[in-house]
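> Build me a model:
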Amino acid sequence: MNSTHAVESPAHMRRTDRSAGVTSTRGSQLAPTGIRPYAIVETIVGMGLVLVCCFLIRPDDALLLRTGFPWIWLPALLFALRYGALIGVVAGLSVAAAWWIFYGTQPSVLFPTAFFAGGFTFVLLAGHFCDIWLARTRQLKATSQHLRDNLASLTNNHYLLKLSHEQLERDALGQPMTLRRALESVQDIPVNTQDPGAGLSPMLNLLAQCCRLNQAGVFLVSQGVPQTHCVAAMGTPFELDSTDPLVMTCLHSRTLAHVGDTDARQGQHLVCAPLMTSSGAMTALVVVRQMPFLALNADNLQLMQMILTYYADGIEQTAFVQPVLDHVPSCPRDFALQLARLGCLQKQAGVVSSLVGLVFSSRQQADIVVNQLTSWHRALDHLWIHEHNGQTVAILLLALTEQEGVDGYIVRLRQAIEALPGAGNVDLTQGITLRRAAVNAALPDYGLSHLLSGSHDHA
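Sure thing, here's the model as predicted:
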(Lines give C-alpha, C1' and ligand atoms only; values in the text may rest on other atoms or scores of the structure.)
Protein backbone atom coordinates (compact mmCIF):
# COMPACT_ATOMS: atom_id res chain seq x y z
CA MET A 1 0.00 0.00 0.00
CA ASN A 2 1.38 3.38 -0.99
CA SER A 3 1.43 6.28 1.42
CA THR A 4 -1.22 8.94 0.76
CA HIS A 5 0.93 11.79 2.05
CA ALA A 6 3.13 13.44 -0.55
CA VAL A 7 6.71 14.07 0.54
CA GLU A 8 8.66 16.78 -1.26
CA SER A 9 11.94 15.40 -2.55
CA PRO A 10 15.27 17.13 -1.75
CA ALA A 11 15.80 17.86 -5.47
CA HIS A 12 12.44 19.68 -5.64
CA MET A 13 13.39 21.73 -2.56
CA ARG A 14 16.64 22.80 -4.24
CA ARG A 15 14.73 23.91 -7.36
CA THR A 16 12.33 25.89 -5.14
CA ASP A 17 15.26 27.55 -3.34
CA ARG A 18 16.80 28.54 -6.68
CA SER A 19 13.53 30.08 -7.89
CA ALA A 20 13.19 31.99 -4.63
CA GLY A 21 16.77 33.17 -5.02
CA VAL A 22 15.90 34.91 -8.31
CA THR A 23 13.48 37.20 -6.48
CA SER A 24 15.96 37.97 -3.71
CA THR A 25 18.65 38.77 -6.31
CA ARG A 26 16.39 41.34 -7.98
CA GLY A 27 15.69 42.92 -4.60
CA SER A 28 19.40 43.08 -3.74
CA GLN A 29 20.04 45.19 -6.86
CA LEU A 30 17.93 47.96 -5.33
CA ALA A 31 18.96 47.46 -1.69
CA PRO A 32 22.25 45.53 -1.51
CA THR A 33 23.11 43.62 1.67
CA GLY A 34 26.75 44.73 1.62
CA ILE A 35 29.16 47.32 0.23
CA ARG A 36 30.00 46.54 -3.37
CA PRO A 37 33.64 46.84 -4.54
CA TYR A 38 32.73 49.67 -6.91
CA ALA A 39 30.53 51.56 -4.42
CA ILE A 40 33.03 54.42 -3.99
CA VAL A 41 33.33 54.91 -7.77
CA GLU A 42 29.54 54.76 -8.10
CA THR A 43 29.15 57.37 -5.35
CA ILE A 44 31.71 59.80 -6.81
CA VAL A 45 30.30 59.48 -10.33
CA GLY A 46 26.71 59.79 -9.10
CA MET A 47 27.43 62.85 -6.99
CA GLY A 48 29.37 64.37 -9.87
CA LEU A 49 26.40 63.96 -12.21
CA VAL A 50 24.05 65.50 -9.65
CA LEU A 51 26.38 68.47 -9.10
CA VAL A 52 26.78 69.02 -12.85
CA CYS A 53 23.00 68.99 -13.30
CA CYS A 54 22.59 71.51 -10.47
CA PHE A 55 25.24 73.74 -12.03
CA LEU A 56 23.49 73.63 -15.40
CA ILE A 57 20.15 74.52 -13.79
CA ARG A 58 21.50 77.25 -11.46
CA PRO A 59 25.00 78.34 -12.54
CA ASP A 60 25.13 81.04 -9.85
CA ASP A 61 24.03 78.66 -7.04
CA ALA A 62 25.30 75.16 -7.91
CA LEU A 63 24.84 73.83 -4.34
CA LEU A 64 21.31 75.26 -4.07
CA LEU A 65 22.28 77.25 -0.98
CA ARG A 66 19.57 79.86 -1.55
CA THR A 67 16.62 77.52 -2.14
CA GLY A 68 15.57 77.38 1.52
CA PHE A 69 16.22 73.62 1.82
CA PRO A 70 19.54 71.71 1.52
CA TRP A 71 18.49 69.68 -1.53
CA ILE A 72 22.09 68.86 -2.46
CA TRP A 73 22.35 66.59 0.61
CA LEU A 74 19.49 64.40 -0.60
CA PRO A 75 21.61 62.26 -3.02
CA ALA A 76 24.31 62.00 -0.34
CA LEU A 77 21.61 60.75 2.05
CA LEU A 78 20.51 58.15 -0.50
CA PHE A 79 24.07 56.84 -0.92
CA ALA A 80 24.45 56.65 2.88
CA LEU A 81 21.19 54.68 3.20
CA ARG A 82 22.30 52.39 0.37
CA TYR A 83 25.89 51.64 1.39
CA GLY A 84 26.51 52.94 4.93
CA ALA A 85 28.24 55.73 6.82
CA LEU A 86 31.61 55.42 5.06
CA ILE A 87 30.11 55.94 1.60
CA GLY A 88 27.94 58.72 3.04
CA VAL A 89 31.13 60.53 4.12
CA VAL A 90 32.52 60.12 0.58
CA ALA A 91 29.33 61.69 -0.82
CA GLY A 92 29.59 64.53 1.71
CA LEU A 93 33.21 65.15 0.77
CA SER A 94 32.07 65.38 -2.86
CA VAL A 95 29.71 68.19 -1.84
CA ALA A 96 32.57 69.91 0.04
CA ALA A 97 34.83 69.58 -3.00
CA ALA A 98 32.10 71.08 -5.16
CA TRP A 99 31.81 74.07 -2.80
CA TRP A 100 35.56 74.64 -3.12
CA ILE A 101 35.29 74.51 -6.94
CA PHE A 102 32.21 76.70 -7.28
CA TYR A 103 32.57 79.11 -4.35
CA GLY A 104 36.13 78.81 -3.01
CA THR A 105 37.55 81.32 -5.47
CA GLN A 106 35.08 84.01 -4.35
CA PRO A 107 36.60 85.91 -1.38
CA SER A 108 33.24 87.42 -0.43
CA VAL A 109 31.60 84.04 0.13
CA LEU A 110 32.11 82.56 3.60
CA PHE A 111 32.29 78.83 4.18
CA PRO A 112 28.77 77.65 5.29
CA THR A 113 29.75 75.82 8.47
CA ALA A 114 26.18 75.14 9.66
CA PHE A 115 25.20 73.91 6.19
CA PHE A 116 27.98 71.29 6.11
CA ALA A 117 27.75 70.39 9.82
CA GLY A 118 24.04 69.67 9.51
CA GLY A 119 24.47 67.82 6.22
CA PHE A 120 27.24 65.57 7.51
CA THR A 121 25.27 64.92 10.71
CA PHE A 122 22.15 63.50 9.10
CA VAL A 123 24.23 61.66 6.45
CA LEU A 124 26.22 59.94 9.22
CA LEU A 125 23.05 59.12 11.15
CA ALA A 126 21.47 57.57 8.06
CA GLY A 127 24.68 55.69 7.27
CA HIS A 128 24.91 54.37 10.81
CA PHE A 129 21.32 53.14 10.52
CA CYS A 130 22.26 51.38 7.26
CA ASP A 131 25.36 49.76 8.83
CA ILE A 132 23.33 48.38 11.74
CA TRP A 133 20.70 46.85 9.49
CA LEU A 134 23.27 45.44 7.06
CA ALA A 135 24.90 43.61 9.97
CA ARG A 136 21.53 42.36 11.20
CA THR A 137 20.60 41.23 7.69
CA ARG A 138 23.82 39.25 7.35
CA GLN A 139 23.17 37.53 10.69
CA LEU A 140 19.57 36.75 9.72
CA LYS A 141 20.69 35.33 6.38
CA ALA A 142 23.28 33.13 8.10
CA THR A 143 20.70 31.95 10.62
CA SER A 144 18.20 31.30 7.84
CA GLN A 145 20.81 29.29 5.93
CA HIS A 146 21.49 27.17 9.01
CA LEU A 147 17.77 26.50 9.45
CA ARG A 148 17.49 25.67 5.73
CA ASP A 149 20.32 23.14 6.07
CA ASN A 150 18.54 21.54 9.01
CA LEU A 151 15.33 21.46 6.99
CA ALA A 152 17.11 19.79 4.07
CA SER A 153 18.57 17.17 6.40
CA LEU A 154 15.16 16.61 7.99
CA THR A 155 13.56 16.31 4.55
CA ASN A 156 16.10 13.68 3.52
CA ASN A 157 15.42 11.74 6.71
CA HIS A 158 11.67 12.02 6.16
CA TYR A 159 12.04 10.94 2.55
CA LEU A 160 14.18 8.02 3.67
CA LEU A 161 11.55 7.05 6.25
CA LYS A 162 8.85 7.15 3.56
CA LEU A 163 10.87 4.91 1.26
CA SER A 164 11.62 2.51 4.08
CA HIS A 165 7.94 2.32 5.04
CA GLU A 166 6.85 1.67 1.47
CA GLN A 167 9.58 -0.93 1.08
CA LEU A 168 8.19 -2.87 4.02
CA GLU A 169 4.65 -2.71 2.61
CA ARG A 170 5.62 -4.26 -0.73
CA ASP A 171 6.58 -7.75 -1.64
CA ALA A 172 10.38 -7.63 -1.85
CA LEU A 173 10.55 -10.25 -4.64
CA GLY A 174 14.12 -10.66 -5.75
CA GLN A 175 15.39 -7.93 -3.43
CA PRO A 176 18.66 -9.28 -1.99
CA MET A 177 18.99 -6.69 0.79
CA THR A 178 16.65 -4.47 2.80
CA LEU A 179 17.01 -0.69 2.82
CA ARG A 180 18.03 -0.67 6.48
CA ARG A 181 20.81 -3.19 5.91
CA ALA A 182 21.94 -1.32 2.79
CA LEU A 183 22.33 1.97 4.71
CA GLU A 184 24.10 0.17 7.55
CA SER A 185 26.50 -1.28 4.98
CA VAL A 186 27.09 2.22 3.55
CA GLN A 187 28.14 3.38 7.02
CA ASP A 188 30.74 0.59 7.14
CA ILE A 189 32.45 1.84 3.96
CA PRO A 190 35.69 3.65 4.97
CA VAL A 191 35.66 7.36 4.07
CA ASN A 192 38.81 9.27 3.15
CA THR A 193 38.18 13.03 3.02
CA GLN A 194 41.50 13.59 1.21
CA ASP A 195 40.57 11.10 -1.55
CA PRO A 196 36.75 10.82 -1.93
CA GLY A 197 37.21 8.29 -4.74
CA ALA A 198 38.83 5.74 -2.41
CA GLY A 199 35.50 4.29 -1.26
CA LEU A 200 33.73 4.34 -4.63
CA SER A 201 34.60 0.74 -5.51
CA PRO A 202 33.04 -0.85 -2.38
CA MET A 203 30.12 1.56 -2.72
CA LEU A 204 29.51 0.41 -6.29
CA ASN A 205 29.74 -3.26 -5.22
CA LEU A 206 27.12 -2.59 -2.55
CA LEU A 207 24.94 -0.74 -5.07
CA ALA A 208 25.21 -3.65 -7.51
CA GLN A 209 24.15 -6.07 -4.79
CA CYS A 210 21.19 -3.95 -3.65
CA CYS A 211 19.93 -2.84 -7.08
CA ARG A 212 21.07 -5.86 -9.16
CA LEU A 213 23.47 -4.10 -11.51
CA ASN A 214 25.38 -6.21 -14.06
CA GLN A 215 27.61 -3.56 -15.66
CA ALA A 216 28.15 -0.10 -14.21
CA GLY A 217 30.88 2.48 -13.70
CA VAL A 218 31.62 5.50 -11.53
CA PHE A 219 33.01 8.63 -13.18
CA LEU A 220 34.33 11.61 -11.19
CA VAL A 221 32.86 15.04 -11.94
CA SER A 222 34.97 18.20 -11.78
CA GLN A 223 33.30 21.61 -12.18
CA GLY A 224 30.27 20.00 -13.79
CA VAL A 225 32.30 18.03 -16.38
CA PRO A 226 32.55 14.22 -15.97
CA GLN A 227 35.75 12.32 -16.68
CA THR A 228 35.73 9.81 -19.53
CA HIS A 229 37.44 6.97 -17.65
CA CYS A 230 35.84 5.22 -14.70
CA VAL A 231 37.43 5.11 -11.25
CA ALA A 232 35.34 2.09 -10.20
CA ALA A 233 33.59 -0.50 -12.34
CA MET A 234 31.20 -3.43 -11.99
CA GLY A 235 31.62 -5.90 -14.85
CA THR A 236 33.56 -4.82 -17.93
CA PRO A 237 34.97 -1.26 -17.58
CA PHE A 238 33.91 1.22 -20.25
CA GLU A 239 34.53 4.86 -21.16
CA LEU A 240 31.87 7.53 -20.75
CA ASP A 241 30.49 9.42 -23.72
CA SER A 242 29.71 12.89 -22.32
CA THR A 243 27.48 13.62 -25.33
CA ASP A 244 25.17 10.70 -24.53
CA PRO A 245 21.58 12.02 -24.10
CA LEU A 246 21.17 10.25 -20.75
CA VAL A 247 24.38 11.76 -19.35
CA MET A 248 23.45 15.23 -20.59
CA THR A 249 19.96 14.92 -19.07
CA CYS A 250 21.43 13.88 -15.71
CA LEU A 251 23.98 16.73 -15.67
CA HIS A 252 21.35 19.29 -16.65
CA SER A 253 18.64 18.19 -14.18
CA ARG A 254 21.10 17.09 -11.43
CA THR A 255 18.79 14.16 -10.69
CA LEU A 256 18.68 10.50 -11.64
CA ALA A 257 17.88 9.89 -15.31
CA HIS A 258 16.96 6.54 -16.88
CA VAL A 259 16.23 5.12 -20.29
CA GLY A 260 12.50 5.69 -19.82
CA ASP A 261 13.03 9.45 -20.05
CA THR A 262 11.75 10.84 -23.36
CA ASP A 263 15.00 12.59 -24.33
CA ALA A 264 17.34 9.75 -23.37
CA ARG A 265 15.99 6.67 -25.20
CA GLN A 266 18.56 6.68 -28.00
CA GLY A 267 21.64 6.38 -25.77
CA GLN A 268 23.67 3.31 -24.85
CA HIS A 269 23.15 3.60 -21.08
CA LEU A 270 20.21 2.52 -18.93
CA VAL A 271 20.61 4.68 -15.83
CA CYS A 272 22.72 7.72 -14.96
CA ALA A 273 22.61 8.87 -11.32
CA PRO A 274 24.55 11.75 -9.71
CA LEU A 275 26.55 11.27 -6.53
CA MET A 276 25.34 14.50 -4.93
CA THR A 277 25.10 15.71 -1.34
CA SER A 278 22.16 17.50 0.30
CA SER A 279 24.00 20.82 -0.19
CA GLY A 280 23.96 20.30 -3.97
CA ALA A 281 27.63 19.40 -4.60
CA MET A 282 28.00 16.80 -7.38
CA THR A 283 31.17 14.71 -7.11
CA ALA A 284 30.61 11.76 -9.45
CA LEU A 285 28.22 9.99 -11.84
CA VAL A 286 27.11 6.37 -11.58
CA VAL A 287 26.32 5.06 -15.07
CA VAL A 288 24.59 1.69 -15.54
CA ARG A 289 24.81 -0.16 -18.86
CA GLN A 290 23.32 -3.53 -17.98
CA MET A 291 20.75 -4.60 -15.38
CA PRO A 292 17.78 -7.01 -15.35
CA PHE A 293 14.62 -5.72 -16.99
CA LEU A 294 12.53 -6.25 -13.85
CA ALA A 295 15.06 -4.25 -11.78
CA LEU A 296 14.49 -1.15 -13.91
CA ASN A 297 11.53 0.15 -11.89
CA ALA A 298 10.79 3.31 -9.94
CA ASP A 299 11.29 1.71 -6.51
CA ASN A 300 14.70 0.30 -7.39
CA LEU A 301 15.82 3.61 -8.91
CA GLN A 302 14.68 5.50 -5.80
CA LEU A 303 16.66 3.06 -3.66
CA MET A 304 19.73 3.64 -5.85
CA GLN A 305 19.46 7.43 -5.55
CA MET A 306 18.94 7.25 -1.78
CA ILE A 307 22.00 5.06 -1.26
CA LEU A 308 24.11 7.42 -3.38
CA THR A 309 22.87 10.50 -1.48
CA TYR A 310 23.46 8.79 1.87
CA TYR A 311 27.03 7.89 0.83
CA ALA A 312 27.76 11.40 -0.51
CA ASP A 313 26.42 13.02 2.67
CA GLY A 314 28.68 10.74 4.69
CA ILE A 315 31.75 12.01 2.82
CA GLU A 316 30.69 15.65 3.26
CA GLN A 317 29.85 15.26 6.94
CA THR A 318 33.08 13.44 7.81
CA ALA A 319 35.10 16.59 7.10
CA PHE A 320 33.02 18.43 9.73
CA VAL A 321 32.74 15.80 12.45
CA GLN A 322 36.20 14.25 12.33
CA PRO A 323 37.95 17.00 14.41
CA VAL A 324 35.26 16.62 17.09
CA LEU A 325 35.51 12.82 17.08
CA ASP A 326 39.32 13.02 17.29
CA HIS A 327 39.09 14.94 20.59
CA VAL A 328 35.92 13.29 21.96
CA PRO A 329 35.73 9.79 20.38
CA SER A 330 32.56 8.86 22.28
CA CYS A 331 30.57 11.76 20.83
CA PRO A 332 27.66 10.59 18.61
CA ARG A 333 28.08 11.44 14.95
CA ASP A 334 24.78 13.37 14.70
CA PHE A 335 25.64 15.48 17.78
CA ALA A 336 29.14 16.19 16.42
CA LEU A 337 27.69 17.18 13.04
CA GLN A 338 25.26 19.71 14.56
CA LEU A 339 28.03 21.07 16.81
CA ALA A 340 30.34 21.53 13.80
CA ARG A 341 27.60 23.25 11.79
CA LEU A 342 26.90 25.72 14.60
CA GLY A 343 30.65 26.29 15.00
CA CYS A 344 30.92 27.19 11.31
CA LEU A 345 27.89 29.48 11.69
CA GLN A 346 29.59 31.26 14.60
CA LYS A 347 32.81 31.64 12.60
CA GLN A 348 31.13 32.95 9.44
CA ALA A 349 28.41 35.21 10.86
CA GLY A 350 29.12 35.62 14.58
CA VAL A 351 25.88 33.84 15.56
CA VAL A 352 26.47 32.43 19.06
CA SER A 353 25.39 28.97 20.26
CA SER A 354 26.02 27.39 23.65
CA LEU A 355 26.65 24.09 25.41
CA VAL A 356 25.13 23.19 28.79
CA GLY A 357 26.06 20.08 30.78
CA LEU A 358 24.39 18.44 33.79
CA VAL A 359 26.55 16.13 35.90
CA PHE A 360 24.56 13.77 38.17
CA SER A 361 25.79 12.26 41.40
CA SER A 362 23.81 9.01 41.00
CA ARG A 363 22.37 6.90 38.20
CA GLN A 364 18.84 7.02 39.67
CA GLN A 365 18.99 10.79 39.76
CA ALA A 366 20.15 10.88 36.11
CA ASP A 367 17.36 8.57 34.92
CA ILE A 368 14.62 10.75 36.41
CA VAL A 369 15.95 14.08 35.12
CA VAL A 370 17.00 12.82 31.68
CA ASN A 371 13.48 11.53 31.00
CA GLN A 372 12.20 15.06 31.56
CA LEU A 373 15.02 16.67 29.55
CA THR A 374 14.02 14.62 26.52
CA SER A 375 10.66 16.41 26.42
CA TRP A 376 11.94 19.84 27.54
CA HIS A 377 14.54 20.72 24.93
CA ARG A 378 13.56 22.53 21.72
CA ALA A 379 13.49 20.95 18.28
CA LEU A 380 16.63 22.92 17.32
CA ASP A 381 18.52 21.71 20.40
CA HIS A 382 20.29 18.36 20.73
CA LEU A 383 20.76 16.15 23.78
CA TRP A 384 23.59 13.68 24.43
CA ILE A 385 23.81 11.42 27.48
CA HIS A 386 27.47 10.65 28.18
CA GLU A 387 29.26 8.51 30.75
CA HIS A 388 32.40 10.41 31.75
CA ASN A 389 34.82 9.48 34.58
CA GLY A 390 32.19 7.28 36.23
CA GLN A 391 29.56 10.03 36.12
CA THR A 392 26.48 10.49 33.97
CA VAL A 393 26.60 13.78 32.03
CA ALA A 394 23.65 15.16 30.05
CA ILE A 395 24.98 17.58 27.40
CA LEU A 396 22.60 20.02 25.70
CA LEU A 397 23.55 21.87 22.51
CA LEU A 398 21.50 25.09 22.51
CA ALA A 399 21.41 26.34 18.93
CA LEU A 400 21.42 30.12 18.30
CA THR A 401 21.43 30.85 22.06
CA GLU A 402 23.66 33.57 23.58
CA GLN A 403 24.81 33.94 27.20
CA GLU A 404 21.59 35.67 28.32
CA GLY A 405 19.52 32.84 26.86
CA VAL A 406 21.70 30.27 28.63
CA ASP A 407 21.22 32.07 31.95
CA GLY A 408 17.44 32.02 31.47
CA TYR A 409 17.52 28.37 30.46
CA ILE A 410 19.54 27.42 33.56
CA VAL A 411 17.10 29.29 35.82
CA ARG A 412 14.13 27.48 34.28
CA LEU A 413 16.01 24.20 34.44
CA ARG A 414 16.74 24.60 38.16
CA GLN A 415 13.11 25.45 38.86
CA ALA A 416 11.90 22.46 36.85
CA ILE A 417 14.35 20.10 38.61
CA GLU A 418 13.21 21.34 42.01
CA ALA A 419 9.58 20.78 40.99
CA LEU A 420 10.15 17.17 39.92
CA PRO A 421 8.87 14.55 42.37
CA GLY A 422 11.64 12.39 43.80
CA ALA A 423 11.80 8.65 43.36
CA GLY A 424 12.06 7.00 46.78
CA ASN A 425 15.17 8.29 48.54
CA VAL A 426 16.56 10.08 45.46
CA ASP A 427 17.09 13.81 46.13
CA LEU A 428 16.72 15.86 42.93
CA THR A 429 17.71 19.21 44.45
CA GLN A 430 21.26 18.29 45.55
CA GLY A 431 24.28 16.86 43.77
CA ILE A 432 23.47 18.08 40.24
CA THR A 433 26.29 20.15 38.73
CA LEU A 434 25.70 22.59 35.89
CA ARG A 435 28.41 23.30 33.36
CA ARG A 436 28.36 25.76 30.47
CA ALA A 437 30.55 26.63 27.51
CA ALA A 438 30.10 28.69 24.35
CA VAL A 439 30.49 27.01 20.98
CA ASN A 440 33.96 28.22 20.00
CA ALA A 441 34.93 27.90 16.33
CA ALA A 442 38.59 28.59 17.21
CA LEU A 443 38.86 25.18 18.96
CA PRO A 444 39.01 21.92 16.98
CA ASP A 445 36.21 20.36 19.06
CA TYR A 446 34.30 23.69 19.38
CA GLY A 447 34.60 23.67 23.19
CA LEU A 448 33.06 20.23 23.86
CA SER A 449 36.06 18.83 25.78
CA HIS A 450 36.17 22.07 27.82
CA LEU A 451 32.59 21.41 28.88
CA LEU A 452 33.37 17.84 29.93
CA SER A 453 36.22 18.97 32.18
CA GLY A 454 35.56 22.70 32.65
CA SER A 455 34.24 25.03 35.32
CA HIS A 456 30.76 24.50 36.71
CA ASP A 457 28.00 25.81 38.95
CA HIS A 458 26.06 23.73 41.43
CA ALA A 459 22.31 23.47 40.86
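> So which residues of the stretch 51-200 of the chain form strands?
Listed in chain order, the stretch 51-200 of the chain contains no strands at all (DSSP state E, counting those that start in this stretch).
> what do you get for the stretch 251-400 of the chain?
Using DSSP E, counting those that start in this stretch, the strands of the stretch 251-400 of the chain run over 257-258, 271-276, 282-290, 354-360, 382-388, 391-398.
> just how off-centre is the longest helix seen in the chain within its chain?
As assigned by DSSP state H, the longest helix anywhere in the chain is helix 113-169. Chain-centre distance of helix 113-169: 11 Å, with C-alpha atoms, centre = their mean, to the nearest Å.
> repeat for stretch 278-294
Offset of stretch 278-294 from its chain centre (C-alpha atoms, centre = their mean): 25 Å.
> can you check stretch 383-394 too?
From the chain centre to the centre of stretch 383-394 is a distance of 29 Å (C-alpha atoms, centre = their mean).
> domain ranges for this protein?
The chain resolves into domains spanning 23-144, 178-319, 328-458 when parsed by automatic domain parsing.
> Determine which of the ones you listed approaches Tyr159 most closely.
For these, proximity to Tyr159 was assessed by C-beta to C-beta; domain 178-319 is nearest, at 7.6 Å. Any C-beta I mention is one placed from the backbone N, CA and C, and that applies to glycine too.
> for the record, mean pLDDT for that closest one?
Rounded to a whole number, the mean pLDDT of domain 178-319 is 84.
> those helices in the stretch 351-459 of the chain, which residues are they?
Remark: helices assigned in the stretch 351-459 of the chain by DSSP state H, counting those that start in this stretch are 363-376, 403-419, 448-453.
> list the helices and strands the second one packs on?
It refers to helix 403-419. strand 354-360, helix 363-376, strand 391-398, strand 433-438 (3 or more C-beta pairs under 8 Å, 6 or more residues apart in numbering; DSSP states H and E).
> Output the domains of the chain as TSV; include the columns mean neighbour count and distance to Ser153.
Below are these laid out as TSV (neighbours: other C-beta atoms under 10 Å; distance: least, C-beta to C-beta, whole Å):
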stretch	mean neighbour count	distance to Ser153
domain 23-144	15	15
domain 178-319	18	6
domain 328-458	17	9
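> Relative to Leu161, tell me which of the ones you listed wins on proximity.
Across those, Leu161 has its closest neighbour in domain 178-319 (10.2 Å, C-beta to C-beta).
> Please report how far Glu166 lies from Arg66.
Distance, Glu166 to Arg66, using C-beta to C-beta, to the nearest Å: 80 Å.
> Now mean pLDDT and distance to Thr243 too, for the helices and strands packed on helix 403-419, in a markdown table please.
As requested, the helices and strands packed on helix 403-419 are exported to a markdown table (pLDDT from 0 to 100; distance: least, C-beta to C-beta, whole Å):
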| stretch | mean pLDDT | distance to Thr243 |
| --- | --- | --- |
| strand 354-360 | 89 | 53 |
| helix 363-376 | 79 | 55 |
| strand 391-398 | 89 | 49 |
| strand 433-438 | 86 | 54 |
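> Looking at the ones you listed, which is nearest to Leu110?
strand 433-438 (56.4 Å).
> Strand partners (parallel or antiparallel) of the closest one?
strand 354-360 (antiparallel), strand 456-458 (antiparallel) (DSSP bridges).
> who touches Ala91 in this structure?
Thr43, Met47, Pro75, Ala76, Phe79, Ala80, Val123 (C-beta atoms under 8 Å, 6 or more residues apart in numbering).
> Show me those that map onto helices.
Per DSSP H, those map to helices at Thr43, Met47, Pro75, Ala76, Phe79, Ala80, Val123.
> re earlier: can I get the contacts of Ala91 in CSV with distance to Asp299 and pLDDT?
CSV is the format used below for those (distance: C-beta to C-beta, whole Å; pLDDT from 0 to 100):
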residue, distance to Asp299, pLDDT
Thr43, 60, 84
Met47, 65, 88
Pro75, 63, 90
Ala76, 65, 90
Phe79, 59, 88
Ala80, 60, 89
Val123, 64, 90
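> gap between Phe335 and Asp445?
Phe335 is 12 Å from Asp445, where distance means C-beta to C-beta.
> what do you get for Val439?
Applying C-beta to C-beta, the value for Val439 to Asp445 is 10 Å.
> Ok, Asp381 next?
Noted for Asp381: a distance of 19 Å to Asp445, by C-beta to C-beta.
> Just give me how far stretch 408-417 sits from the chain centre.
Centroid separation between stretch 408-417 and its chain, computed with C-alpha atoms, centre = their mean, is 31 Å.
> partners of Val287 in the sheet?
Val287 has these beta-bridge partners by DSSP bridges: Gly217, Cys272.
> now what about stretch 141-149, what contacts it?
Contacts of stretch 141-149 (C-beta under 8 Å, 6+ apart): 17, 33, 278-279, 341-342, 345, 348-349, 351, 380, 399-400.
> I'd like to know the average pLDDT value across it.
Averaged across stretch 141-149, pLDDT comes to 90.
> give me every residue that touches Gly390.
Going by C-beta under 8 Å, 6+ apart, Gly390 touches no other residue.
> pLDDT value on it, please?
pLDDT for Gly390: 75.
> Okay, it and Phe360: tell me how far apart.
In terms of C-beta to C-beta, Gly390 sits 11 Å off from Phe360.
> Relative to Trp71, how far out is the closest residue to Trp99 other than its chain neighbours?
Leaving aside its sequence neighbours, Trp99 sits nearest to Leu63 (C-beta to C-beta, 6 or more residues apart in numbering; 6.0 Å). To Trp71, Leu63 is 9 Å away according to C-beta to C-beta.
> Ok, Val351 next?
For Val351, the distance to Trp71 (C-beta to C-beta) stands at 41 Å.
> go on, Gln415?
60 Å.
> which one of the domains of the chain lies closest to Leu160?
Using C-beta to C-beta, the nearest of those to Leu160 is domain 178-319, at 6.1 Å.
> What residues are bridge-paired with the closest residue to Ala438 other than its chain neighbours?
The shortest distance from Ala438 to any non-neighbouring residue, by C-beta to C-beta, 6+ apart, is to Ser354 (5.5 Å). For Ser354, the beta-bridge partners under DSSP bridges are Leu398, Ala438.
> any idea how far Asp326 is from Ser354?
22 Å.
> do Val351 as well
25 Å.
> Val359 contacts Ile432, correct?
Yes: assessed by C-beta atoms under 8 Å, Val359 is found in contact with Ile432 at 7.1 Å.
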